[in-house]
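Asks: Sequence and predicted structure are below.
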Amino acid sequence: MLDIVTVVFRKELPILQLQAQSIELYCQNIGTKNIYVIVNDDDSVADQIDPAWWGNLSSLVKIIPRSTFDCHWSDNGWVSQQALKMLGSSLSQNTWSMVLDAKTLFVNTCNFDNLIDNQSRIYISHLDVYEVFKRSKEITDQLFDIDLPQQIGPGGVPFFFHNETVREMIKFVEAKQTQVFAEWFQNQGMLTEFILYSGYVYFRDGSFDHLYSNPMKSGSIINICHSQVGMADILLRKMSSSGSWAVSVHRNAWTQLTPDQQHLYKELLIHRKLSRAKEIL
């Protein structure tokens with residue numbers, strides 16, 4: 001029902017090992033057929049990733065160098081990463097993909113019953129498009145001739161792609177733009193994968209309700225990015241006290257946290273049985 005797609009580059013290999021442990025502990029019962037690890041770096045990095053990091057799920061791990069997708073790749077890793085998330089999902093023959101960054105860590109059981117409703121729709125929130133992503137909405141609106149009212153949440157990862165819809169979207173864009181999808185996407189500048197995908201779903205279905213059930217049923221996803229360092233104490237407390245099932249701290253935020261804040265995050269992970277945090281963080 002739900003495959004896992006994570007995109008990683010060389011410097012993230014240590015945190016990827018921690019993510020792998022968290023997947024083994026907390027993602028056992030979501031119908032995963034494949035765990036796709038997409039390398040957003042030189043192909044040689046793929047040789048440094050060991051499926052054994054995923055423990056008893058190691059047989060599901062598929063390591064995909066980006067040369068698999070015959071395309072020119074942007075020097076801007078943020079741009080190429082977004083394209084690779086969609087291309088990684090397009091590989092899956094399962095119904096859904098749960099897309100991750102390497103820093104995404106599971107700290108409670110990922111419960112399938114809390115993800116899917118009785119109509120096989122994913123529980124997720126809808127979000128207004130933030131002003132910073134206005135250009136992304138403009139590109140999407142023009143491409144699909146729509147006025148996108150919102151985007152599919154959570155506005156970051158974990159994000160849930162419907163795999164057949166991603167494949168349809170890629171074919172639509174390539175036919176309309178007469179260009180390889182990843183090259184077209186990377187040439188757009190300020191276009192995000194989640195707004196583009198939201199736009200295609202809205203264009204095709206007239207709403208998000210065919211695939212997604214709003215709001216999220218339970219639990220939460222708590223991420224700390226570089227612009228949220230001032231809220232770190234609040235967010236770290238929420239990670240510890242709430243029913244959050246996925247957490248992350250962006251590498252640029254991590255370096256700005258105080259030693260006490262870093263210690264709190266590390267202790268949270270160790271408490272949730274992510275023992276590798278002792279060596280990795």
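Replies: Nice, I can see it. Numbers count the residues shown, from 1 in each chain.
Asks: quick one, strands of the chain?
Replies: For the chain, the strands defined by DSSP state E cover 2-8, 35-39, 61-65, 96-101, 105-106, 122-123, 126-127, 151-152, 159-162, 212-213, 220-224, 244-249.
Asks: now the helices for the stretch 151-281 of the chain?
Replies: Applying DSSP state H, counting those that start in this stretch to the stretch 151-281 of the chain gives helices spanning 163-177, 181-186, 193-205, 232-241, 251-254, 259-271, 277-280.
Asks: any chance of the strands of the chain in CSV, plus mean neighbour count and mean pLDDT?
Replies: Placement of C-beta: from N, CA and C, glycine included. Below are these laid out as CSV (neighbours: other CB atoms under 10 Å; pLDDT from 0 to 100):
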stretch, mean neighbour count, mean pLDDT
strand 2-8, 26, 97
strand 35-39, 25, 98
strand 61-65, 18, 98
strand 96-101, 25, 97
strand 105-106, 22, 96
strand 122-123, 20, 92
strand 126-127, 16, 90
strand 151-152, 26, 96
strand 159-162, 23, 96
strand 212-213, 20, 93
strand 220-224, 20, 88
strand 244-249, 24, 92
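Asks: would you turn these into JSON lines with distance to residue 116?
Replies: Shown next, in JSON lines, are the strands of the chain (distance: least, CB to CB, whole Å):
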{"stretch": "strand 2-8", "distance to residue 116": "8"}
{"stretch": "strand 35-39", "distance to residue 116": "19"}
{"stretch": "strand 61-65", "distance to residue 116": "23"}
{"stretch": "strand 96-101", "distance to residue 116": "8"}
{"stretch": "strand 105-106", "distance to residue 116": "17"}
{"stretch": "strand 122-123", "distance to residue 116": "6"}
{"stretch": "strand 126-127", "distance to residue 116": "17"}
{"stretch": "strand 151-152", "distance to residue 116": "15"}
{"stretch": "strand 159-162", "distance to residue 116": "10"}
{"stretch": "strand 212-213", "distance to residue 116": "8"}
{"stretch": "strand 220-224", "distance to residue 116": "16"}
{"stretch": "strand 244-249", "distance to residue 116": "14"}
